[in-house]
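Visitor: Need coordinates for the following:
(chains A, B, C and D)
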There are 2 protein chains.
Amino acid sequence: MKTYSTNEIYSDLYEQLINAVIPAGSKIKPVELQSKYGCSTNTIRDTLLRLSKIGLVTFQMQRGFRARETSPKKRSDIAKFRVLLEQEGAALSIRKAGLDWEIRLNSAHHKLSHIEKLMTKHGLTDEHLLVWSSAEFEFHDALISGCASDILIETYGHIYAQFRQQFVAQERDFGANYFESIIHEHATILQAALARNEEACKQAIHDHMKRNF
Amino acid sequence: MKTYSTNEIYSDLYEQLINAVIPAGSKIKPVELQSKYGCSTNTIRDTLLRLSKIGLVTFQMQRGFRARETSPKKRSDIAKFRVLLEQEGAALSIRKAGLDWEIRLNSAHHKLSHIEKLMTKHGLTDEHLLVWSSAEFEFHDALISGCASDILIETYGHIYAQFRQQFVAQERDFGANYFESIIHEHATILQAALARNEEACKQAIHDHMKRNF
DNA sequence: ACATCCAAAAATTTTGACATTTTTATGTAT
DNA sequence: ATACATAAAAATGTCAAAATTTTTGGATGT
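Guide: Coordinates of the predicted model:
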């Protein structure tokens, strides 16, 4: 039987939350996870407190932990906030960042689009979705990486994680042709960013997200 | 000798961090706080993990806790990010909020300006600064409270706390006449908000913060 | 002087037991 | 039936000690 280090417990729970294996809004009881991870309830508690930092888990004194709740309103809220941060991060990057940024962005997009093409050809398995999810983050993260604001990048990371948590159930339903639009949208963002066209890039980011509002 | 409940430990540490009684960047050792609060190191650890959620404390595995570091660059970063969030929150409020919002904002400003006038007449004691600090937050929080975005409001709260932590040392130095400018700036923000003038309000928020860039 | 290695000390993490609080289930009265 | 009180069960929080890891300080050699 596999034994888990603390960091592995963290990553494992992170993934389960991101992919709604632990469904949004559901209660998380340390006692129940104890046996799976082979550690004390206290270690689980510790890990859940750390996860609550990035907003994947909510915590209330004497009431324990929950996977962050979801609702149409919350999803819309997160999506809009994500647009705000990404637009600002991208605009700052376009204004200030150098060649390194362009290269990083370009290669992140290359990787992402490779995976996306694969997904339209073959069906989308759970495993594909996982790889795609991390490549998609890398692309959007690269997009804002030139903004020179650590706090913006840090916050964006949290919001992106929450976004995935809230929308993963939806994405599974849209099916393969959904990804054809996504491919085009990512390309449009990339193009505007490399052309250093701030307004076009903001628009492209907005359009990429507007189905989630 | 005073005994502390868990929530009191949290609030006490929160205030110490906000007011840089625990200086930015300094190490925080559970063992040393144990005797003061009359509890186990584990409870302190727990509390510090909760404080790390709002960014007042940083945590690294096997390396413990620190009050978040400060530097000119970080202060500038926080100040700019705060402007971004507050501008967006205020603009949305102006666009969408109703009479309740106006009333809340107005009364928060009334309270704040009362305290600020007191502070210019008499000197600024540490106690005054504490009252002012919470009234100032209430004002800015009221300003964005009509934005209908829970995640924006939540994030703003974290950023505001970090802002205080980073700048409190500075504020003590500026002295009493510093508050005369602040009074005027707050009034300008209020005026623009109540006049539902989005651009003027954004400008006023920017001007309020620009000394910290 | 500088780096490296080692042992002692200090700090952090984990644990299992115990105390407290919340939730659930049951019974009683209105 | 509904509401309310109460007891049992479950979940959460706290603790002190043990295990692990990091840091410190000194001895050694280059």
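Visitor: in the strand or helix carrying residue A:87, what's buried?
Guide: In this assignment (DSSP states H and E), residue A:87 forms part of helix A:72-96. Within helix A:72-96, the residues scored as buried using 16 or more other Cβ atoms under 10 Å in any protein chain shown are A:74-75, A:77-94. C-beta here means a position set from N, CA and C on the backbone, and glycine is covered the same way.
Visitor: Now do it: which elements does it pack against?
Guide: If you count contacts as 3 or more Cβ pairs under 8 Å, 6 or more residues apart in numbering or on different chains; DSSP states H and E, helix A:72-96 packs onto helix A:126-144, helix A:150-174, helix A:177-194, helix A:198-209, helix B:72-96, helix B:150-174.
Visitor: how big is the angle separating the helix or strand that comes right after it from helix A:177-194?
Guide: For helix A:72-96, the following helix or strand on the C-terminal side (DSSP H and E) is helix A:99-121. Counting by axes from the mean of the first three to the mean of the last three Cα atoms, to 10 degrees, helix A:99-121 lies at 170 degrees to helix A:177-194.
Visitor: Which strand or helix spans the closest residue to chain B within chain A?
Guide: Going by Cβ to the nearest Cβ, chain B is nearest to residue A:49 of chain A, at 4.1 Å. If you go by DSSP H and E, residue A:49 is part of helix A:41-53.
Visitor: How much space separates the residue of chain A closest to chain B from residue B:47?
Guide: For residue A:49, the distance to residue B:47 (Cβ to Cβ, to the nearest Å) stands at 10 Å.
Visitor: These two - which one has more neighbours?
Guide: Remark: of residue A:49 and residue B:47, residue B:47 carries more neighbours, 26 against 21, as counted by other Cβ atoms under 10 Å in any protein chain shown.
Visitor: wait, isn't the more buried one in contact with residue B:12?
Guide: No: with contact defined as Cβ atoms under 8 Å, residue B:47 and residue B:12 do not form a contacting pair (9.3 Å).
Visitor: which ones are touching the residue of chain A closest to chain B?
Guide: Taking Cβ atoms under 8 Å, 6 or more residues apart in numbering or on different chains, we find residue A:49 in contact with A:59, B:46, B:49, B:50, B:53.
Visitor: which two from these end up farthest apart in space?
Guide: Greatest spatial distance among the contacts of residue A:49 (Cβ to Cβ): B:46 and B:53, at 11.9 Å.
Visitor: I'd like to know how many residues surround residue A:60.
Guide: Neighbour count of residue A:60, defined by other Cβ under 10 Å: 8.
Visitor: now the one 3 residues further on
Guide: Residue A:63 has 9 neighbouring residues, counting by other Cβ under 10 Å.
Visitor: cool, and residue A:110?
Guide: Counted with other Cβ under 10 Å, residues neighbouring residue A:110 total 12.
Visitor: Please apply the same query to residue A:147.
Guide: By the criterion of other Cβ under 10 Å, residue A:147 has 23 neighbours.
Visitor: what secondary structure does it sit in?
Guide: At residue A:147, secondary structure determined by DSSP: H, G, I helix; E, B strand; the rest coil is coil.
Visitor: That one and DNA strand C, how far apart?
Guide: 30 Å (Cβ to the nearest atom of the strand, to the nearest Å).
Visitor: what about the closest residue to residue A:201 other than its chain neighbours, distance to residue A:153?
Guide: Spatial nearest neighbour of residue A:201, excluding adjacent residues (Cβ to Cβ, 6 or more residues apart in numbering or on different chains): residue A:192 at 3.8 Å. Distance check for residue A:192 against residue A:153: by Cβ to Cβ, it reads 20 Å.
Visitor: So these two - more neighbours on which side?
Guide: Under the criterion of other Cβ under 10 Å, the comparison of residue A:192 against residue A:153 puts residue A:192 first, with 20 against 16.
Visitor: Surely residue A:80 and residue A:205 touch.
Guide: No: contact criterion Cβ under 8 Å: residue A:80 and residue A:205 do not qualify, at 11.5 Å.
Visitor: which bits of chain A sit near chain B?
Guide: Counting by Cβ under 8 Å from any Cβ of the partner chain, chain A comes close to chain B at A:6-7, A:42, A:45-46, A:49-50, A:52-53, A:59, A:61, A:74, A:77-78, A:80-81, A:84, A:88, A:148-152, A:155, A:159, A:162.
Visitor: Dihedrals phi and psi, residue A:69?
Guide: Note on residue A:69: its backbone torsions stand at phi -70, psi 160 [degrees, to the nearest 10].
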